[in-house]
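Fold the following, please.
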Amino acid sequence: MRYLTAGESHGPQLTVIIEGLPAGMPLLEEDINAELARRQKGHGRGRRMQIEKDTVQIAGGIRHGYTLGSPVALEVENNDWKHWTKVMGQEPVSPEEESEIKRKISRPRPGHADLNGAIKYGHRDMRNVLERSSARETTVRVAAGAAAKKLLSLLGIEVASHVVEIGGIQSAAASYESLAEVKERTENSPVRCLDPEAEPRMMQAIDDAKANGDSIGGIVEVIVEGMPAGVGSYVHYDRKLDAKLAAAIVSINAFKGVEFGLGFEAARKPGSEVHDEIAWNSEDGYTRKTNRLGGFEGGMTTGMPIVVRGVMKPIPTLYKPLQSVDIETKEPFTASIERSDSCAVPAAAVVAENVVAWELASAICGQFYADRMDALIDSVNAQRKYAREF
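Below is the predicted model of the structure:
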C-alpha cells in the first residue's frame, strides 16, 4: 500500500490518495472523522483547532460503504481558507498587489523547515515552505491511518497510544487490562495520560510554557496487540518492519527519536535483562515470557504486543521568538510568528498511532494475498494457525 498527500496549511483543502486497500473492506466517512476529531483534541492546542472542525469527504474508491480495490481519494476542507483566498490563491498577482496581499516571509524560524526549504527550492518567500511543512498535513496522514486501522481491526489487530512524558513530567508506569481500557482512559484525559497524578502537572507545565511564550515537547507510546508473528523480514534492510516503523515515527513533524520496548535503556543492561525468553503452550503456541524488545526480533514481529515510543521536540514557532536573520537584508531579527500550539504532544500521540497503523497494514498487505478483504482475513488467520502449530 502507499499514499500521497497534497495541500497547504491555509489552502482550500488537504487531499490524500490511497492505493492498495483490499476490495470489499467496509469504510465510512464516520470511521475517518472519528480519528480526525481525536487529532484535534488535547490541552495546549492553539486557536486553529477552534476554527477547523475537520471532516472528510470520500471522493473516490468507495461505493455503498465498501472499497473497490481502486485508489481511495479523501479530502478535508480547510475552513479557514476564506480568510486566505488572496494570500494563498492560485491565480497570479500583479506587482502592485504583491506587497499588499502576499504576506511575504523572509525571516526563518529556528528549528523549522523555513530556511532549509527556501534554499532547496529557491523560494525568496518562505511562506511557500511553511505552508507545506506545517503539521497541518498530518490531518490527511491520520485519515490514511484511519483506513489502515479499519483494516487492522478486521484482522483482530488493535492500536492504542498514550502520552508518557510532557515537559519533563513523566507518567508513572500504569497497568491496564486491555487496549480498550487504554483507549477509554486516554480519551478522557486532556493530555492522553494514563497517570491521573501526572495529568494535572503536565497541564500546568503546558500552561506555564504558554504564559512564557514558549513551547514544550514530550514522549508518546503506541501499543499494538494482535499482530501475527513473522511479519517483516530479516533478509533485506529495507524490509525490516521495525525500521519502517522507526522511519514513520520520525517522519512526523517535530519528532526526533524513536525506540522499541526497553529502547535506549537496553544499552545500560546486560543481555540477560534485555532478551525475551521463549515459551510454548498448546493454546497460544510460541510466546515470550517478557516483552523487553517491544514485539520485534530480527526486523520481524514476534506475536507479542508492539511497543514503540517517539520523542517530540518543542514546537519551533514561539510567541517569544528566537533570533534569526532576514534573508533579504541579512540583518538580525526576531523570527516570524505564526499561529501555533504551546504543546501538541497529546495530538501527536494520535498521529503516531495512525502512522504506525499504516505501516503495519501496509506490511500485512505486502506479505499476504490482499486483493480482497475476505481473502486477506483467511490468509492472516492461516498464518496464525501455522505459527501456533509450528
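
Which element, helix or strand, includes the residue nearest to the spatial centre of the chain?
Central residue of the chain (CA atoms, centre = their mean): Val351, 2.6 Å from the mean position. Here Val351 sits within helix 345-367, counting by DSSP states H and E.

I'd like the average pLDDT over the helix or strand just after that helix.
Reading on from helix 345-367 to the C-terminus, the next helix or strand found by DSSP H and E is helix 373-389. Mean pLDDT, computed over helix 373-389, is 97.

got the CA coordinates for helix 373-389 in PDB?
Only the C-alpha atoms of helix 373-389 are listed here, as PDB (Å, rounded to 0.1, in the frame of the first residue of the first chain):
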ATOM      1  CA  MET A 373     -10.600  -8.300   2.200                       C
ATOM      2  CA  ASP A 374     -12.200 -11.800   2.800                       C
ATOM      3  CA  ALA A 375      -9.100 -13.500   1.300                       C
ATOM      4  CA  LEU A 376      -6.800 -11.300   3.400                       C
ATOM      5  CA  ILE A 377      -8.600 -12.300   6.600                       C
ATOM      6  CA  ASP A 378      -8.300 -16.000   5.700                       C
ATOM      7  CA  SER A 379      -4.600 -15.600   4.800                       C
ATOM      8  CA  VAL A 380      -3.700 -13.900   8.100                       C
ATOM      9  CA  ASN A 381      -5.700 -16.400  10.100                       C
ATOM     10  CA  ALA A 382      -3.900 -19.300   8.300                       C
ATOM     11  CA  GLN A 383      -0.600 -17.700   9.200                       C
ATOM     12  CA  ARG A 384      -1.600 -17.500  12.900                       C
ATOM     13  CA  LYS A 385      -2.600 -21.200  12.800                       C
ATOM     14  CA  TYR A 386       0.600 -22.200  11.200                       C
ATOM     15  CA  ALA A 387       2.700 -20.300  13.800                       C
ATOM     16  CA  ARG A 388       0.700 -21.900  16.700                       C
ATOM     17  CA  GLU A 389       1.300 -25.400  15.200                       C
END
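
could you give the angle of that helix to helix 345-367?
Helix 373-389 and helix 345-367 meet at an angle of 90 degrees, taking axes from the mean of the first three to the mean of the last three CA atoms, to 10 degrees as the criterion.

follow-up on the earlier one: distance check, the closest residue to the residue nearest to the centre of the chain other than its chain neighbours against Leu154.
In this structure, Val351 finds its nearest non-sequential neighbour in Thr138, 4.8 Å apart by CB to CB, 6 or more residues apart in numbering. (Glycine included, C-beta is placed from N, CA and C.) Noted for Thr138: a distance of 24 Å to Leu154, by CB to CB, to the nearest Å.

that older thread, for the one helix or strand the residue nearest to Val351 maps to, buried residues please.
In the assignment (DSSP H and E), Thr138 maps to helix 138-154. If you call a residue buried by 16 or more other CB atoms under 10 Å, then helix 138-154 has these buried ones: 138-152, 154.
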